[in-house]
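Colleague: what's the 3D shape of this:
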Amino acid sequence: MKRKIENRCLFLLALLLLCPPSFASYAQNARGRTSNRTRSQTAAPPNSTSPRDVNVRGTERAVDASVPDDPSVTSIVAPYRVKVAELNRVIGTLEGELLKRGIGGGSLGNFVVDAIRDQATKALGRPVLLAVSNTGGMRKNQIAAGELRASDVFELLPFENKIVALDLTGEQLLRFLKIVVAQRDAQSGARIIYRTGQDKTNELVSIKFVGANSETEIDPAATYTIVTIDYLVNRGGSYAVLQESKNVRPLGLTIREVVLNYIQAEAAAGRTIKGRLDGRFQFDRSTSAGGEDTKDQPQ
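Modeller: Below is the predicted model:
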């Protein structure tokens, strides 16, 4: 019985995906016909003193093993069954939950931009100093510890944002990072000190790139290559500084693909994904005009 119900649900899903306008129109017309028929049946005829008998009689039949599969329905849902099975596939293991909260999107935001930076480094064949993504595009607030499935990543990152590398001068990069802090976006590769301004928004105090054994200041006159998503480059508005960048080049990967690849690479190496905060955002209480936006302390 479960299998037959599943077949019918998949058939309806396929119908909606393949022809949503016509299906919606059909459903609307059907509702209209039913509504008109009901009104005509319940309305008393002219000069009539007694209501019309509108009792409707029907039969019921249980959907169980006695109902054979419809071959046409089975052929339609078959491709979608494969895709659903692929989404349920376990691709890695999460040690400690991932939470999206506060500046940088917490441990969930750290996880996404760390994955972007790792996979962009492999695609470019050289270390990437900084990876940035907006936390608004991350559509889950929590992923529980345990098995990681492809569906977790699709739910977290439903958009087809492409990963791009671009060149900014140090002066442009500093302006961009002021926006990153104000918007509470996620970043990997730097240690940022911030404070809360008089208008209650977050303000950049200082930033240093974090290397293996050292931290370096940004030189306003130097040129730096960073990676981010095409959505931020094309968006304009607060992120308009990115449109001043040079040598913008797609890496041939979407944000979802790099996260999927990162999880599977870690699993293949025998490593788990760990939810962590590492102090990449640090709050400067001494110069802040308000309370701390969030605590991002090593754990």
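
Colleague: can you give me the strands for the stretch 51-200 of the chain?
Modeller: Secondary structure of the stretch 51-200 of the chain by DSSP state E, counting those that start in this stretch: the strands cover 90-95, 98-99, 131-133, 142-143, 146-149, 162-169, 186-188, 190-196.

Colleague: quick one, which of those strands gets closest to Val77.
Modeller: Closest approach to Val77 among the strands of the stretch 51-200 of the chain (CB to CB): strand 146-149, 20.9 Å. Quick note: C-beta positions are derived from backbone N, CA and C, even for glycine.

Colleague: send the alpha carbons of that closest one over as PDB?
Modeller: The C-alpha trace of strand 146-149 is given here as PDB (Å, rounded to 0.1, in the frame of the first residue of the first chain):
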ATOM      1  CA  GLY A 146      24.800  12.700  12.500                       C
ATOM      2  CA  GLU A 147      24.500  11.600   8.900                       C
ATOM      3  CA  LEU A 148      24.700  14.300   6.300                       C
ATOM      4  CA  ARG A 149      22.600  13.700   3.200                       C
END
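
Colleague: remind me what that strand packs against, helices and strands.
Modeller: Counting by 3 or more CB pairs under 8 Å, 6 or more residues apart in numbering; DSSP states H and E, the packing neighbours recorded for strand 146-149 are strand 90-95.

Colleague: just send the strands of the stretch 51-200 of the chain back as CSV, with mean pLDDT, mean neighbour count and distance to Tyr231 too.
Modeller: Shown next, in CSV, are the strands of the stretch 51-200 of the chain (pLDDT from 0 to 100; neighbours: other CB atoms under 10 Å; distance: least, CB to CB, whole Å):
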stretch, mean pLDDT, mean neighbour count, distance to Tyr231
strand 90-95, 97, 16, 24
strand 98-99, 97, 22, 21
strand 131-133, 98, 26, 9
strand 142-143, 98, 18, 22
strand 146-149, 97, 16, 24
strand 162-169, 98, 20, 8
strand 186-188, 98, 27, 14
strand 190-196, 96, 20, 21
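
Colleague: if I look at Ala131, how far off is Thr225?
Modeller: Distance of Ala131 to Thr225, computed by CB to CB, to the nearest Å: 11 Å.

Colleague: follow-up on the earlier one: may I see the strands of the stretch 51-200 of the chain organised as JSON lines, with distance to Asp284 added?
Modeller: Listed next are the strands of the stretch 51-200 of the chain as JSON lines, based on distance: least, CB to CB, whole Å:
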{"stretch": "strand 90-95", "distance to Asp284": "31"}
{"stretch": "strand 98-99", "distance to Asp284": "23"}
{"stretch": "strand 131-133", "distance to Asp284": "21"}
{"stretch": "strand 142-143", "distance to Asp284": "28"}
{"stretch": "strand 146-149", "distance to Asp284": "35"}
{"stretch": "strand 162-169", "distance to Asp284": "24"}
{"stretch": "strand 186-188", "distance to Asp284": "17"}
{"stretch": "strand 190-196", "distance to Asp284": "4"}
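
Colleague: and those strands: which comes nearest Pro68?
Modeller: Minimum separation from Pro68 across the strands of the stretch 51-200 of the chain (CB to CB) falls at strand 146-149, 32.8 Å.

Colleague: what are the buried residues along the helix or strand hosting Ala265?
Modeller: For Ala265, the element it lies in under DSSP states H and E is helix 255-268. Of the residues in helix 255-268, Ile255, Arg256, Glu257, Val258, Val259, Leu260, Asn261, Tyr262, Ile263, Glu266, Ala267 count as buried by neighbour count, 16 or more other CB atoms under 10 Å.
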